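K.L.:
Sequence and computational prediction follow.
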Amino acid sequence: MSKLTLDKLESWLWDSANILRGSIDSSDFKNYIFGLLFIKRANDVYEEEVKNIMQLEGVSREEAENEPFIKLPREAQWSELKKATENIGTVLDKAFASIERENSLYLEGVLTTTKFGDKDRLSDEVLQRLIRHFNLHSLSNSDLFTPDILGSAYEYLIKQFADDAGKKGGEFYSPQGVVKTIVRLIKPQPKNKIYDPTCGSGGMLIESAKYIAQLPDGKVGNNINVSLYGQEKNVGTWAIGKMNMILHNFVEADLRKGDTLTNPQHLENDSLMLFDRVIANPPFSQDAWWGTIEANREVQLDKNGREKKLSPNYNKEVIDRHGRFRYGIPPRSYADLAFLQHMIASLKQDGKAGVILPHGTLFRGGAEGAIRERLIKEDLIEGIVGLPSALFYNTGIPASIWIINKCKPSHLKNHIIIIDASREYKENSSQNTLEEEHISNIVQTYDQYLSDNILQSEAPIKYSRLVDFVQIADFNYNLNISRYIDTHQQSESIDLRDVISKIKALETEEKLIDAKLSNYLTELGI
């Protein structure tokens, strides 16, 4: 039997989503498909390992079943699941619970976030079709073209589900071109501890690891020489991230649940853990972001006797025991610079961070303007890259990449690299994309400034500039890219005399045509 290639695997997995159409909302497809994919993969690898152990060590199946890394109880084995003909959802829920129980160190709370037993959502008929469909192919290592392709297929599904779910897809998936750009700008290195405080399904962490794998000493044996950490507020998305890590062989990746702003989970001796690289795409302009205040808002009666919740004063009421907001408390309506300050506080002194933020963070005034001024004066911002519009699922507005460096090269002190990449994209019907040529242009330009290998006179002033703090101060610490780079396209010069001459020639030609037409009509007696 031929091995399963990536194209065939992707097509087969995507067909499973078509079985669900009409039963549940497309934004929920991922939760069910990923669960079944995970249990089928776990079963096939488990069976493969048990058979190999029996053959190599000459032991019984019962003895061999204690050896595989992922333990699979009898009720969770595929041969048992295939037998179910009624209450299939309940059978699956029990199977997932048993896997978690036997592998609690890595899988606790991961597989039971999705409930299959609700017959109002998924009938026995639909679940039986799904199980039959997943039974078509083996996902054991020996039956895949390479074991790595399952991780690639998982990434493909994440993107397809994000496309299918439209705006809702942005909650768990960042476009691949943007992720690659930011990873190549912050350049993670072997042995790094890398952290994403809003990790979604883990794509930024995995892309960082892939980057490291290509470097000298990037691998130790078959393992990539990196430690991955993340936190995610949405429990369903966190579960997808955990499965994503395991299918990419990052079993020990430390992904945790919870609100990073109000309850950061990665601590050492009750202080924030520090990382070599921090990378994130937080939700754009999240409002009411300090949950402990929002949950206890005071209520008063308005003049009509109706209850009205009072808006809290964040500047007075936000108290962070980790001291992250030393540059100022962001306004209630915009969490962007709260996430940025959390990232800065989580960064080692020689570390580097990259974060995607909406364009408004570059120029909004008030509390955000004051925070931005302090960040600039502390010389923490190494670079700003303005991105094209319509790159993201959850908004059509343009965004920007902020690069934070606590230890900037000497030639960049009191300067910020600014790149206008707003025209670096491939236009598509529903969403623009960054292709390899666009990513390369951005990264190569940025790297020239990093290496002190470009003079300001040589820089493409309609694309990039190294801006000093004097000029930034003159603009009141506004980092709006159009203030520093001429983003306007130069119009073609028009020779009015030439235009008038052409118009007169056309008028003369029109008169001749009219005269000819009149003669023809006369000859025809019309």
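P.N.:
Done, it's in. Numbers count the residues shown, from 1 in each chain.
K.L.:
from here on, contacts and neighbour counts on C-alpha atoms
P.N.:
Fine.
K.L.:
Secondary structure element holding the residue nearest to the spatial centre of the chain?
P.N.:
Within the chain, one residue has its C-alpha closest to the average C-alpha position: by Cα atoms, centre = their mean, that is Ser174, at 2.5 Å. Per DSSP states H and E: Ser174 is located in neither a helix nor a strand.
K.L.:
any idea how far it lies from Asp474?
P.N.:
Counting by Cα to Cα, to the nearest Å, the separation of Ser174 from Asp474 is 35 Å.
K.L.:
related to what we said a few turns ago, tell me the confidence at the residue nearest to the centre of the chain?
P.N.:
pLDDT, the model's per-residue confidence, is 83 for Ser174.
K.L.:
and what of Gly170?
P.N.:
So Gly170 comes in at 55 (pLDDT).
K.L.:
What of Phe392?
P.N.:
Here, the pLDDT recorded for Phe392 equals 81.
K.L.:
rewinding a little: please report the distance of the residue nearest to the centre of the chain from Gly203.
P.N.:
Following Cα to Cα, the distance that separates Ser174 from Gly203 is 7 Å.
K.L.:
again, but for Asn223
P.N.:
18 Å.
K.L.:
Assumed Tyr195 was part of a strand.
P.N.:
Yes: inclusion of Tyr195 in a strand is indicated when DSSP: H, G, I helix; E, B strand; the rest coil is applied.
K.L.:
Could you report the neighbour count for Gln349?
P.N.:
Each residue near Gln349 was counted by other Cα atoms under 10 Å, and the total is 14.
K.L.:
Which positions within the helix or strand where it lies qualify as buried?
P.N.:
Assigning secondary structure by DSSP H and E places Gln349 in strand 347-358. By neighbour count, with 16 or more other Cα atoms under 10 Å as the criterion, the buried positions of strand 347-358 are Leu347, Lys348, Gly351, Lys352, Ala353, Gly354, Val355, Ile356, Leu357, Pro358.
K.L.:
what's the answer for stretch 412-429, then?
P.N.:
Leu412, Asn414, His415, Ile416, Ile417, Ile418, Ile419, Asp420, Ala421, Ser422, Glu424, Tyr425.
K.L.:
does the fourth one sit in a helix, a strand or a coil?
P.N.:
For Ile416, the reduced secondary structure class is strand; criterion used: three-state DSSP.
K.L.:
Quickly list what it is bridged to.
P.N.:
Val467 (DSSP bridges).
K.L.:
Only C-alpha atoms, please: export stretch 401-410 in PDB.
P.N.:
Taking C-alpha atoms only, stretch 401-410 is exported to PDB below (Å, rounded to 0.1, in the frame of the first residue of the first chain):
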ATOM      1  CA  ILE A 401       4.800  45.000  13.900                       C
ATOM      2  CA  TRP A 402       6.600  46.400  16.900                       C
ATOM      3  CA  ILE A 403      10.100  45.100  17.600                       C
ATOM      4  CA  ILE A 404      11.300  45.500  21.200                       C
ATOM      5  CA  ASN A 405      14.900  45.200  22.100                       C
ATOM      6  CA  LYS A 406      16.200  45.900  25.600                       C
ATOM      7  CA  CYS A 407      19.800  45.900  24.400                       C
ATOM      8  CA  LYS A 408      19.800  47.700  21.000                       C
ATOM      9  CA  PRO A 409      23.100  47.800  19.000                       C
ATOM     10  CA  SER A 410      25.000  51.000  19.600                       C
END
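K.L.:
what about that stretch, distance to the chain center?
P.N.:
The chain centroid and the centroid of stretch 401-410 are separated by 22 Å under Cα atoms, centre = their mean, to the nearest Å.
K.L.:
So between Asn223 and Gly203, which is more surrounded?
P.N.:
Of the pair Asn223 and Gly203, Gly203 is the one with more neighbours under other Cα under 10 Å, namely 23 against 11.
K.L.:
That one reaches Gly177, doesn't it?
P.N.:
No: shown here, Gly203 and Gly177 do not form a contact pair, counting by Cα atoms under 8 Å, at 11.4 Å.
K.L.:
and the residue nearest to Thr113 when sequence neighbours are not counted, which of the three is it?
P.N.:
Residue nearest to Thr113 in three dimensions, not counting chain neighbours: Gly236, with 6.0 Å by Cα to Cα, 6 or more residues apart in numbering. Secondary structure assignment for Gly236 (three-state DSSP): helix.
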